[in-house]
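Participant: Kindly return the folded structure for what I paste below:
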Amino acid sequence: MSKVFGTHEPQTLAQLEDVASRAARAALMADGHVGYVMPIGGVAAYRNQVSVVGVGFDIACGNAAIRTDRTLADLGATPESRQAALVELAEQIQHSISFGVGRKNRADDAPLDHPLFEDAAWEVAPARHRQALRQKARDQLGTVGGGNHYVDVFVDEKGSVWVGVHFGSRGFGYGVAHGFLALSQDQEWTERVPEREVLLDLRRPLGQDYWALMSLAGRYAYAGREWVARKVVALLGAREQELVHNHHNFAWRETHGGEDLVVVRKGATPAFPEQKGFVGGSMGDDAVIVRGATVDAGRSPERAQAQRDALYSTVHGAGRVMSRTQAAGKRNRRTGKVIKPGQISREMMHAWVKRKGVVLRGGGIDESPHAYRRLPDVLAAQEGTIEVLHTLRPLVVVMAGADEFDPYKD
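Facilitator: Below is the predicted model of the structure:
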């Protein structure tokens, strides 16, 4: 029996049941919704196997947040001056960081010589495609992409200013995921094959090669997120006080119940006791810094059991309640003609973020707060397995523009 937090649509639960039929253990977080094969918000543990579609196409997608030494008061002496400073900051972020269709990092200080580009793991990529994969990764390190990926500036309950980012391994991870899906189906690396479940045995060469490049994509995503977040901290003229950083699309070797397992989290944040995580809401909602709860199993056996059943995981965001097409509708890409109207208008989205006082740059209506659950609700549904350390109110949100195409969004 899989552990399920919160309430979910039948299709999401059916996906979890399907995954659980092949896994040693499985769980679904309260922000869960339908994904490719495995539901977003799903956690699955395997014995010596890893799921390629479980880790996903945006390998090592995750969140990073930096608490700075700046306060809201430092941004201006009056509400008007602070607002002007935030508008200027939003413009600087939009012009300094590459979003969406800006698939190459255009900054002069882009980390193109990062040591990860000399890692031995590159050698396991097929020789014919290795250089192209590495060059794409080099060009895109520190780019944010599109979809629900963002750069945000927040203020917490004490007035401290935070910088938060959300994105993954970009075209590098996308290429690795599709490449191993193809190889596992006896096709060439570049062939596009059905997006179906593939469990690779980590005792065999193909599984070992995937693990090596997945791990490298994890290092790559960490480097990109930290570079972007620190660049925004520099734009603030601030100094870093604390970094909270997690993948939420990844696989880890962990021990649970005395057994060594491979734990795949697809849109789920690791939350071992005392481990911190940054969980976003939406462009018009608060985010949080959380910590895995330290539980006295003798005094709270139910909560301790819930943590174990969750494989020490929690939500990665608020979770969608509308698909992108439901929210924004569908248009003919060539003519722009509306094929199917959406449930959300641009006016609705901007009215929401205006009420919240957010300076928004970019963002499509498929990312409107209307398309998401409310974060406090999903956090409450996690049954006390995490504690909220800080509530972060968004001041600035910068995302790819609505019409910018990005093939690597999750």
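Participant: Low-confidence ranges, the protein, go.
Facilitator: Within the chain, the segments meeting pLDDT under 70 span 101-103, 333, 402-410.
Participant: Tell me where the longest strand sits in it.
Facilitator: When the chain is parsed with DSSP state E, its longest strand is strand 386-399.
Participant: in that strand, what counts as buried?
Facilitator: 386, 387, 390, 391, 392, 393, 394, 395, 396, 397, 398, 399 (16 or more other CB atoms under 10 Å). Quick note: C-beta positions are derived from backbone N, CA and C, even for glycine.
Participant: of the residues you listed, closest to residue 108?
Facilitator: For these, the minimum distance to residue 108 (CB to CB) is 19.4 Å, reached by residue 398.
Participant: Hmm, residue 94 and the closest one touching each other?
Facilitator: Yes. Judged on CB atoms under 8 Å, residue 398 makes contact with residue 94 at a distance of 5.4 Å.
Participant: Give the residues shared as contacts by these two.
Facilitator: The contact sets of residue 398 and residue 94 overlap at 361, 362 (CB atoms under 8 Å, 6 or more residues apart in numbering).
Participant: contact partners of stretch 286-302?
Facilitator: If you take CB under 8 Å, 6+ apart as the criterion, stretch 286-302 is touched by 65, 152, 154, 156, 164, 244, 269-281, 303-304, 307, 312, 314, 375, 379, 383-394.
Participant: The longest strand of the chain - contacts with which helices or strands?
Facilitator: On a contact count with 3 or more CB pairs under 8 Å, 6 or more residues apart in numbering; DSSP states H and E, strand 386-399 meets helix 79-96, strand 150-155, strand 160-167, strand 287-292, helix 346-356, strand 359-361.
Participant: try 7 Å
Facilitator: Counting contacts by 3 or more CB pairs under 7 Å, 6 or more residues apart in numbering; DSSP states H and E, strand 386-399 packs against helix 79-96, strand 150-155, strand 287-292, strand 359-361.
Participant: Taking their axis directions, that strand and strand 287-292 sit at what angle?
Facilitator: Strand 386-399 and strand 287-292 are oriented at 150 degrees to each other (axes from the mean of the first three to the mean of the last three CA atoms, to 10 degrees).
Participant: What residues of the top helix by length along the chain count as buried?
Facilitator: Counting by DSSP state H, the longest helix found in the chain is helix 205-235. Residues of helix 205-235 classed as buried: 207, 209-233, 235 (neighbour count, 16+ other CB under 10 Å).
Participant: Can you show me the strands along the stretch 251-400 of the chain?
Facilitator: Per DSSP state E, counting those that start in this stretch, the stretch 251-400 of the chain carries strands over the ranges 259-266, 268-270, 276-279, 287-292, 313-315, 329-331, 338-341, 359-361, 386-399.
Participant: Which one of those lies nearest to residue 349?
Facilitator: Residue 349 sits nearest to strand 359-361 of all the strands of the stretch 251-400 of the chain, at 8.4 Å, using CB to CB.
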